[in-house]
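S.K.: Got a predicted model here, sequence first, then my questions.
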Amino acid sequence: MSPHTPAERRTQAMALPPVPEADAAAIAAFLDAIWAESGLSRQTLDSYRRDLEGIARWREGRDGGLPMADRAALFDYLAWRSRSDYSPRSNARLLSALRAFFAHRVRSGARGDDPTALLDPPRLPRSLPKALGESQIDALLGAPDATTPLGLRDRAMFELMYACGLRVSELVNLPATAVNLRQGVLRVTGKGSKERLVPLGEEAQHWLERYLADARPQLAGKRALAPLFIGASGEAPTRQQFWQLVKRYAGAAGIDPAKISPHGLRHSFATHLLNHGADLRALQMLLGHSSLSTTQIYTLVAREQLKHLHAKHHPRG
């Protein structure tokens, strides 16, 4: 059986045997190629590596290793993971990694067939993004103490994330050169290294200007630092540190920290724009979605909220 919790899996990972040499070389060549071709993020590449190394270890000693695995072997591994309490989402990500790996093998001429061609992805439960109400957003954005350099930084980060619908990784990786205060826009590098321009909005621009004028010079001192948002050490906050900030300020704002995540600000941005009549295509561009179908999930969120309001306030709801 597979370990059930992330902590148990991390502990097990520290004691994992090495990946067979031939498999490790094939995985490394694939990751180098897909990075050059698609510009995938480091997080995605790391996920692909972990998934492929997992099945390589599982197949150790079997004929041909991972590069020569057939459809039956892949099916057996997916079935084993399903029995071992891996989530459908985790298995879907694994299948995505396997499809990319074997597509690369076919393109490079190292293999003539793709064993993933007839493998069906696991059915994923449909979950709607969790958005905060507008009054909750006001409370959360007002929670940092803007009279201190770090509090002013946090207020500017929250305002910017909500105003621009940023992903957490996009926010913490922003360089100082990404901001154009004169034009009131932000240049964001999203998934696949794709760039988009997002308007700041008056409120976010106000807090960003205050942070750049009053807080960042105190935090940076005489150092010339590249990140837009920095701490006392001069380094940008990590995604995990930003997660902790969101939880702490949520508690201060009277919001259950268990019911909010950093991505909730991005979800709230999208949902509130739709509630106020935004065009779906425009929202797709602002969020940096490559497919409109990804953006359409927010129409379901808005519809569910309208149904809830109708049921709560209409006399015949």
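M.R.: Done, it's in. Owing to the predicted nature of the structure, the values given are computational and were not obtained by experimental measurement.
S.K.: Contacts only, for the residue nearest to the spatial centre of the chain.
M.R.: What sits nearest the mean C-alpha location of the chain, by Cα atoms, centre = their mean, is R167, with 6.2 Å. By Cβ atoms under 8 Å, 6 or more residues apart in numbering, R167 lies in contact with G190, K191, H263, R266, G288. (C-beta placed from N, C-alpha, C; glycine too.)
S.K.: just the strands in this protein please.
M.R.: Using DSSP state E, the strands found in the chain span residues 179-180, 185-189, 195-199.
S.K.: The last one relative to strand 185-189, how many degrees between them?
M.R.: Okay, so that is strand 195-199. Computed by axes from the mean of the first three to the mean of the last three Cα atoms, to 10 degrees, the angle separating strand 195-199 from strand 185-189 equals 150 degrees.
S.K.: average pLDDT for strand 195-199?
M.R.: The average of the pLDDT scores along strand 195-199 is 90.
S.K.: ok, now stretch 206-218?
M.R.: Averaging pLDDT along stretch 206-218 gives 95.
S.K.: Using CSV, write out the CA atom coordinates for it.
M.R.: The C-alpha atoms that make up stretch 206-218 are tabulated as CSV, following Å, rounded to 0.1, in the frame of the first residue of the first chain:
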residue,chain,number,x,y,z
HIS,A,206,-2.2,53.4,-5.1
TRP,A,207,-0.8,50.7,-2.7
LEU,A,208,1.9,49.6,-5.1
GLU,A,209,3.1,53.2,-5.4
ARG,A,210,3.2,53.5,-1.6
TYR,A,211,5.1,50.3,-1.3
LEU,A,212,7.7,51.3,-3.9
ALA,A,213,8.1,54.8,-2.4
ASP,A,214,8.1,54.0,1.4
ALA,A,215,8.5,50.3,2.1
ARG,A,216,10.7,48.7,-0.5
PRO,A,217,13.6,51.2,-0.1
GLN,A,218,13.7,50.4,3.6
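S.K.: buried stuff in that stretch?
M.R.: Using 16 or more other Cβ atoms under 10 Å as the test for burial, stretch 206-218 gives W207, L208, R210, Y211, L212, A215, R216.
S.K.: what's in contact with that stretch?
M.R.: 146, 149-150, 152-153, 155-156, 159-160, 179, 181, 200, 230.
S.K.: rerun at 6 Å
M.R.: Outside stretch 206-218, the residues that touch it by Cβ atoms under 6 Å, 6 or more residues apart in numbering are P149, L152, R153, R155, A156, E159.
S.K.: Show me how the record splits this protein into domains.
M.R.: Domain assignment for the chain by automatic domain parsing gives 6-107, 134-313.
S.K.: Now do the first one, average pLDDT.
M.R.: Put plainly, it is domain 6-107. For domain 6-107, mean pLDDT rounds to 84.
S.K.: Then stretch 269-280?
M.R.: 81.
S.K.: gap between it and the chain center?
M.R.: 21 Å (Cα atoms, centre = their mean, to the nearest Å).
S.K.: how far does that stretch stretch from start to finish?
M.R.: Terminal residues of stretch 269-280 are spaced 13 Å apart (Cα to Cα, to the nearest Å).
S.K.: Same question for stretch 55-73.
M.R.: Chord length of stretch 55-73, first to last residue, is 10 Å (Cα to Cα).
S.K.: in it, what counts as buried?
M.R.: Across stretch 55-73, burial judged by 16+ other Cβ under 10 Å covers I55, A56, R59, G65, L66, P67, M68, A69, A73.
S.K.: what does that stretch contact?
M.R.: Applying Cβ under 6 Å, 6+ apart, the contact partners of stretch 55-73 are V19, P20, A22, D23, A26, Y77, P115.
S.K.: Nearest to A36 among these?
M.R.: For the contacts of stretch 55-73, the residue nearest A36 by Cβ to Cβ is A26; the value is 16.1 Å.
S.K.: what number of residues lie near that closest one?
M.R.: A26 is flanked by 22 other residues according to other Cβ atoms under 10 Å.
S.K.: how much space between it and L52?
M.R.: A26 is 9 Å from L52, where distance means Cβ to Cβ, to the nearest Å.
S.K.: so what's L45 closest to, chain neighbours aside?
M.R.: What sits nearest to L45 in space, not counting adjacent residues and going by Cβ to Cβ, 6 or more residues apart in numbering, is L31, at 5.5 Å.
S.K.: Grab the nearest non-local neighbour of V168.
M.R.: The spatially closest residue to V168, leaving aside those adjacent along the chain, is P262, at 4.5 Å (Cβ to Cβ, 6+ apart).
S.K.: was I right about the one you found contacting E170?
M.R.: No - assessed by Cβ atoms under 6 Å, P262 is found out of contact with E170, at 11.0 Å.
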